[in-house]
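>>> structure for this input, please:
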Amino acid sequence: MVKHIVWDWNGTLFDDQDLVVAATNASARAVGMDRLITNEEYQRGYRRPMLDFYADMLGFAPDEAQWRILEEAFRTAYESGRHGAGLNAQALAAMDSWAPRSQSLLSMYGHDDLVELTRGFGLHGRLVRIDGRPPELDFGPKYKYLARHVAQLQTEYPDLLPGDVALIGDCVDDAHAALRLGAAAVLYTGGSSSRENLAQAGVPVAESLIEAVSLLIEP
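Model prediction:
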């Protein structure tokens, strides 16, 4: 039985998919791509590692110097539009439908920025823990971040086992991280990936955040 939900941020609770696509287009233009990809193309092609995703999109594998240009262009475009994005329209209702059971937030977005954003949206009272990516850590597979997050949760909830946890996210990497840890996962179609790609992870796929939570509530 699931006792605790770990929420993903970008593309899940935070409705920033349009901004991500715009920033991706800005980064691709910075290394010479002369067309714009649509959200549907992004969702069909999205995969990790990100270098492989960009190689497919651009038609060539960026070298180290090009990758630095890509990263900087993406960061600049994303940060310039970040405050124009908001919570998923169902975020608060979905979180409240899980209450009073515990829930937390794990993201590979920078920790300090994540804390600032979530405070601004009034989420701190709903979440028992918020973890973003510390500046000294890389953008490696989400598994290592999830394992660290759950271990930290266990210091406050010693009886919480990985099998008691479910991750709600928007990409296959979220499911892989959860399953490797021994946790459950539900994937949401409104973020980075198409339903067809999400279905390949072998976990439940939901069209909305409220549906995602409902799949984890015991009848």
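
>>> so after the lengthiest helix in the chain, what's the next helix or strand?
In the chain, ranked by residue count with DSSP state H as the criterion, the top helix is helix 64-81. Per DSSP states H and E, the first helix or strand lying C-terminal to helix 64-81 is strand 86-87.

>>> and after that following strand, which helix or strand comes next?
Scanning forward in sequence from strand 86-87 by DSSP H and E, the next helix or strand is helix 91-98.

>>> neighbouring contacts of that following helix?
Helix 91-98 is touched from outside by 5, 7, 13, 15, 88, 103, 123, 126, 208-210, 212-214, 216-217, with contacts defined as Cβ atoms under 8 Å, 6 or more residues apart in numbering. No exception for glycine: its C-beta is placed from N, CA and C like everyone else's.

>>> the strands in this protein, which residues?
Ranges of strands in the chain, per DSSP state E, are 4-7, 14-15, 86-87, 102-110, 130-133, 165-169, 184-188, 205-206.

>>> next, the buried residues of stretch 8-18.
Neighbour counts over stretch 8-18 (16 or more other Cβ atoms under 10 Å) mark D8, W9, N10, G11, T12, L13, F14, D15, D16, Q17 as buried.

>>> which ones among these are found in helices?
Checking the buried residues of stretch 8-18 against DSSP H, those in helices are Q17.

>>> before we move on, the earlier item: now distance to F74 and mean pLDDT too, for the strands of the chain, in TSV please.
As requested, these are exported to TSV (distance: least, Cβ to Cβ, whole Å; pLDDT from 0 to 100):
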stretch	distance to F74	mean pLDDT
strand 4-7	23	98
strand 14-15	16	98
strand 86-87	20	96
strand 102-110	13	95
strand 130-133	15	94
strand 165-169	20	98
strand 184-188	22	98
strand 205-206	27	98
